[in-house]
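*Asks:* 3D, please:
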Amino acid sequence: MNQLLRNSILSLAVLLIFSCSDDFVNERLDISGVGESAIVISPAWDADDYQFRCEGAGNEAFSIDSKPEWLNTDDGSGSFINGMATIHCEANTVSGYSKTGIYVEQMLVSAGEKTYAVPVYYITEGNPAVQVNRTLEISYSNYNNQLQISNTGDGILLWDISAMPDWLSVDMDNLQTESLMLGQGAAALIPFILNAEKAIQGNPTGTIILETNDKNNPQIEISVSANLGTPVLSVYSYNLPVDFGTSSASKTFSFSNNGNGILSWRIEGMPNWLTVSPVNGMSLPYASSTEVVFTCDRSKLEPGLNSATVYLKSNDPANPSYPISVLVRAPGGNANIRALEGNIMDATFDKNTNTLYYVIGQPNKLVAYNVTTKTVSHEIALSKAPTCLAITEDYTKALVGHGGMISVLDLNTNSVTKTLEVTGILADIEFAPNNWCAYTESGNYTVQSTNIYWVNLSDGSITEGSSVYEDCQIKKVPKQDYLIGSETEVSAGVYVYDLNNRTEKADIFESFRNFWIAGDHIVSSTGGVYRISDMISKNGYIVDGLSSIGNLQYPGNIYNAIPWIDHCSATHSVFGLAKQDYQTVSSQVYQFEDNDYTLVKTYIYDNFYQPDAQSGAYDVEAHYVFSNGSGTELSVLRKGKNNTNWSVEFIPVQQ
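*Replies:* Numbers count the residues shown, from 1 in each chain. Sure, this is the predicted structure:
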């Protein structure tokens, strides 16, 4: 029998049968009390240290006044330490105790003016056999966390636990003392308590080492795991970003656990000007709200916008690291912002030359802006205010739509080569092969049925195409002679046009609203991702719509109104804006993988602009975002929320 089994649980066993009854205590002796624990010993065990406890003994010296004849001790005296005494002893074989069982005698111990009767159990073990499951799952609820141990042999089964994970402990308050020594056919339940916090922070699996006096199974390994349930981290968009503005010192951020499990969380990645309290914790199942308070030390801020992304880490397997954007503004300007002239009506980007093209009103121009040098490369004056812009795939020609007119531009000579009169106010325009183009009309106050129009750029002749509703968006499929159209003012309508014969190929009952092309996919303003090949393979009217292959995985809750998407093939990234409510564009730019559209990072643009020290500051929000060709920098085009002033902010992309 190992030392742990002899001296750990057995030394803690209270009297099983006799307690303080007259059957055990000799009434003729002047006994002050009975030992709180018994010595359990067998002649089959080697000599070793045994402990016993006596209430009230304190730190007194003790002497053994009497003991069973078969009990051999090295010393007849010693000292209690906080009521606990240790003696080194062994048992001789007693012929009368050869039958399997427990034989109870006593040892009288004097300590100070008191004498204690200490139970001594002589045990003849026989041949016990342990039966126990080799796996155990412990629930976070701590309900019915028990391990059954049985004795199927012919003898007395003794057991102890020599090791277990640090997140697991035996529930001693509910452990039945009779379960420590099991007779033939007896069984007992070992109750456990789970420390969920330790299990979450460490490894929620481990091993229980069970020691027994079963000669065939002296040590048993039991695989144990902690079942922490299924927590679900939920963060609502109104929390984000955490914006201190120009004066606030603290902000409250809240989240919830909407799952049936314990949510363990912590906040990491704090800049030196930001603290949070509490920094970690646990949220119970279906906890409606957990609040943390962010505090800003404004003495540590740089001039202008200070931003950081901290991370809410949790054991939600679907959301282990949630980014939290934090904004705070200190007096001063942002060196990465440039003012732009005019009111931008449409924009596109050449990633081969890192040139931003946009058309403006007041004054009426097409502008080519070099984002590498942060300067205007060329400007082309326009005779009317523009409404939309299209550029060929080789960026040599441009079309600008106006009210009742199309301007044809040569980007090699930076000149307007032709103007063509058309009907209506142009909503969108695109090039078609063989010197043709297509355009759609814009509505004024009511949504009306109209048509897509095909214009011969050589002679200005117009062919009326199939019907669409006003404000239909159109985009050419790169390197293919197909045009995709999407109605934005009605519930559903996606079109595929064959550019070679300028006819409608497919009318698909699907709701895209606005959309953008990202490689071989289309991303709609509702966040859905679709294969272009699925669209151009359709013919006729398709009532069943299209099947999306996924969605942009924005964090939290966003409204179904994505303002802008840009694709960067160099880094396989999609950069997107999002509305945080029906009226307001979020002050964040989101970066997604272009293969599975999972969120990679978020970037914060400055939504508060002061052109110079003499000018008044005002709120701005992003309308466009473009990455450069290598995907190392973003150009965010922002407009004043209450004016038509535009500016561009350059944000480095984290690699």
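*Asks:* Where does pLDDT dip in the stretch 401-550 of the chain?
*Replies:* Scanning the stretch 401-550 of the chain for pLDDT under 70 picks out the ranges 445.
*Asks:* all strands in the stretch 251-400 of the chain, in order from the N-terminus.
*Replies:* 260-261, 263-268, 274-277, 280-283, 290-296, 304-314, 321-330, 337-340, 343-350, 355-361, 365-370, 375-381, 388-391, 397-401 (DSSP state E, counting those that start in this stretch).
*Asks:* Deepest in the core, which of the ones you listed is it.
*Replies:* strand 397-401 (a mean of 25; mean count of other Cβ atoms under 10 Å). For the C-beta atoms, the positions are set from N, CA and C on the backbone; glycine is no exception.
*Asks:* Contacts for that strand, please.
*Replies:* Here strand 397-401 makes contact (Cβ atoms under 8 Å, 6 or more residues apart in numbering) with 357, 359, 366, 382, 386-392, 406-411, 426-431, 437, 439.
*Asks:* Neighbouring strands of that strand in the sheet, and parallel or not?
*Replies:* Sheet pairing of strand 397-401 (DSSP bridges) gives strand 388-391 (antiparallel), strand 403-410 (antiparallel).
*Asks:* For residue 649, which of the ones you listed is the nearest?
*Replies:* Across the strands paired with strand 397-401, residue 649 has its closest neighbour in strand 388-391 (21.2 Å, Cβ to Cβ).
*Asks:* How far off centre is the closest one?
*Replies:* Put simply, strand 388-391 sits 40 Å off its chain's centre (Cα atoms, centre = their mean, to the nearest Å).
*Asks:* Pull the residues that contact the one helix or strand residue 88 maps to.
*Replies:* Per DSSP states H and E, residue 88 falls inside strand 84-91. By Cβ under 8 Å, 6+ apart, the surrounding residues in contact with strand 84-91 are 39, 41-43, 45-54, 57, 62, 64, 70-75, 78-79, 109, 122.
*Asks:* Give me the buried subset of those residues.
*Replies:* Taking 16 or more other Cβ atoms under 10 Å as the criterion, what is buried in the contacts of strand 84-91 is 39, 41-42, 45, 50-54, 57, 62, 64, 70-71, 73, 78, 109, 122.
*Asks:* I'd like the list of those that fall within strands, please.
*Replies:* Mapping the buried ones among the contacts of strand 84-91 onto strands (DSSP state E) picks out 39, 41, 50-53, 62, 64, 71, 73, 78, 109, 122.
*Asks:* Just name the closest of those to residue 214, please.
*Replies:* The closest of those, once distances to residue 214 are taken by Cβ to Cβ, is residue 41, at 18.6 Å.
*Asks:* wait, that closest one sits on residue 121?
*Replies:* Yes - counting by Cβ atoms under 8 Å, residue 41 does reach residue 121; the two are 7.0 Å apart.
*Asks:* So for residue 497, which of the strands paired with strand 397-401 sits nearest?
*Replies:* strand 388-391 (14.3 Å).
*Asks:* where does the protein dip in pLDDT?
*Replies:* Applying pLDDT under 70 to the chain flags residues 1-32, 445, 556-560, 613-614.
*Asks:* In it, which strand is the longest?
*Replies:* In the chain, taking DSSP E as the definition, the longest strand is strand 415-432.
*Asks:* Between strand 343-350 and that one, find me the angle.
*Replies:* 70 degrees (axes from the mean of the first three to the mean of the last three Cα atoms, to 10 degrees).
*Asks:* Using PDB, write down the CA coordinates of strand 415-432.
*Replies:* The C-alpha trace of strand 415-432 is given here as PDB (Å, rounded to 0.1, in the frame of the first residue of the first chain):
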ATOM      1  CA  SER A 415      -8.800  66.100 -73.300                       C
ATOM      2  CA  VAL A 416     -12.500  65.900 -74.000                       C
ATOM      3  CA  THR A 417     -12.700  64.500 -77.600                       C
ATOM      4  CA  LYS A 418     -16.500  64.400 -78.000                       C
ATOM      5  CA  THR A 419     -19.800  65.300 -76.300                       C
ATOM      6  CA  LEU A 420     -23.000  63.500 -77.100                       C
ATOM      7  CA  GLU A 421     -26.600  64.600 -76.300                       C
ATOM      8  CA  VAL A 422     -28.800  61.900 -74.600                       C
ATOM      9  CA  THR A 423     -32.000  61.900 -72.700                       C
ATOM     10  CA  GLY A 424     -32.400  62.000 -69.000                       C
ATOM     11  CA  ILE A 425     -30.000  62.400 -66.100                       C
ATOM     12  CA  LEU A 426     -27.400  59.700 -66.200                       C
ATOM     13  CA  ALA A 427     -27.300  57.400 -63.100                       C
ATOM     14  CA  ASP A 428     -24.500  55.100 -64.300                       C
ATOM     15  CA  ILE A 429     -22.400  54.500 -67.500                       C
ATOM     16  CA  GLU A 430     -20.100  51.800 -68.800                       C
ATOM     17  CA  PHE A 431     -18.100  51.100 -71.900                       C
ATOM     18  CA  ALA A 432     -19.100  48.400 -74.400                       C
END
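*Asks:* Report the buried residues of it.
*Replies:* Buried-residue list, strand 415-432, by 16+ other Cβ under 10 Å: 416, 420, 422, 424, 425, 426, 427, 428, 429, 430, 431, 432.
*Asks:* So the fourth one is in contact with residue 441, correct?
*Replies:* Yes - the pair formed by residue 424 and residue 441 meets the contact definition of Cβ under 8 Å, at 3.8 Å.
*Asks:* anything in contact with each of these two?
*Replies:* residue 450.
*Asks:* For the helix or strand encompassing residue 103, enumerate the helices and strands it packs against.
*Replies:* Here residue 103 sits within strand 101-111, counting by DSSP H and E. Packing partners of strand 101-111 (3 or more Cβ pairs under 8 Å, 6 or more residues apart in numbering; DSSP states H and E): strand 61-66, strand 114-124.
*Asks:* and the longest one, what other elements does it pack with?
*Replies:* Counting contacts by 3+ Cβ pairs under 8 Å, 6+ apart, the secondary-structure elements packed against strand 114-124 are strand 33-34, strand 39-41, strand 101-111.
*Asks:* Same list, the strands of the stretch 251-400 of the chain, but as TSV with distance to residue 173 please.
*Replies:* Formatted as TSV, the strands of the stretch 251-400 of the chain follow (distance: least, Cβ to Cβ, whole Å):
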stretch	distance to residue 173
strand 260-261	26
strand 263-268	26
strand 274-277	34
strand 280-283	23
strand 290-296	30
strand 304-314	32
strand 321-330	39
strand 337-340	65
strand 343-350	69
strand 355-361	71
strand 365-370	74
strand 375-381	77
strand 388-391	76
strand 397-401	80
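*Asks:* My guess is residue 518 contacts residue 573. True?
*Replies:* No - taking contacts as Cβ under 8 Å, residue 518 lies outside contact range of residue 573: 9.5 Å.
*Asks:* out of the two, which sits in the busier spot?
*Replies:* Comparing residue 518 with residue 573 by other Cβ atoms under 10 Å, the one with more neighbours is residue 518, at 23 against 20.
*Asks:* Quick check: beta-bridge partners of the more buried one?
*Replies:* Where residue 518 sits in a bridge, its partners, by DSSP bridges, are residue 521.
*Asks:* let's number from 38 now, not from 1
*Replies:* Sure, I'll start numbering at 38, so the last one becomes residue 555.
*Asks:* List the contacts of it.
*Replies:* Contacts were defined as Cβ under 8 Å, 6+ apart; by that measure residue 555 touches 566, 602, 604, 611, 631.
*Asks:* And stretch 278-289, how far out from the chain middle?
*Replies:* Distance of stretch 278-289 from its chain centroid, counting by Cα atoms, centre = their mean, is 23 Å.
*Asks:* tell me which residues in that stretch are buried?
*Replies:* Under 16+ other Cβ under 10 Å, the buried positions of stretch 278-289 are 278, 279, 280, 281, 288.
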